[in-house]
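Undergrad: predicted model and sequence follow; I will ask about them next.
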Amino acid sequence: MPLPPELQQNVYRFMSAIAGNFPGFEDVSRALFAGDIEGTIDAARAWPVDVQDHLRRMINRASMAE
């Protein structure tokens with residue numbers, strides 16, 4: 001299930017600020033905006049673990065806020 005648009009934008013702002021130059025950023029962004037949460041997390045596997053963890057936490061919090 002896709003995130004609500006305002007929460008999706010919050011996740012994207014974090015990703016853009018922290019991971020905008022990381023490998024696979026465009027793939028992660030596409031998956032996020034397609035509403036593919038699992039694909040978003042999977043596409044970010046090449047990113048540093050702490051960034052992946054924070055991304056996962058943000059998505060989980062956003063999912064629970066729905």
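TA: That came through, no problem.
Undergrad: low-scoring stretches of this structure, by residue?
TA: 1, 65-66 (pLDDT under 70).
Undergrad: so who does the nearest residue to residue 22 once chain neighbours are set aside touch?
TA: In space, and not counting its chain neighbours, residue 22 is closest to residue 47: 5.2 Å by Cβ to Cβ, 6 or more residues apart in numbering. The way it works is simple: take the backbone N, C-alpha and C, and place the C-beta from them, glycine included. By Cβ atoms under 8 Å, 6 or more residues apart in numbering, the residues touching residue 47 are 19, 22-24, 28, 55.
Undergrad: over to residue 14?
TA: Per Cβ under 8 Å, 6+ apart, neighbours of residue 14: 54-55, 58.
Undergrad: and with 10 Å instead?
TA: Residues in contact with residue 14 (Cβ atoms under 10 Å, 6 or more residues apart in numbering) are 51, 54-55, 58.
Undergrad: buried subset of these?
TA: 54-55, 58 (16 or more other Cβ atoms under 10 Å).
Undergrad: nearest to residue 9, of those residues?
TA: The nearest member of those to residue 9, counting by Cβ to Cβ, is residue 58 at 11.5 Å.
Undergrad: follow-up on the earlier one: can you add distance to residue 38 and secondary structure and give the contacts of residue 47 back as CSV?
TA: Formatted as CSV, those follow (distance: Cβ to Cβ, whole Å; DSSP: H, G, I helix; E, B strand; the rest coil):
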residue, distance to residue 38, secondary structure
19, 18, helix
22, 19, coil
23, 19, coil
24, 15, coil
28, 12, helix
55, 13, helix
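Undergrad: from the middle of its chain, how far away would the strand or helix carrying residue 6 be?
TA: Assigned by DSSP states H and E, residue 6 falls within helix 5-19. Its chain's C-alpha centre and that of helix 5-19 lie 7 Å apart, by Cα atoms, centre = their mean, to the nearest Å.
Undergrad: let me know whether residue 8 touches residue 2 as I believe.
TA: Yes - counting by Cβ atoms under 10 Å, residue 8 touches residue 2, with 7.0 Å between them.
Undergrad: of these two, who's got more company?
TA: A count of neighbours by other Cβ atoms under 10 Å puts residue 8 above the other of residue 8 and residue 2, at 17 against 14.
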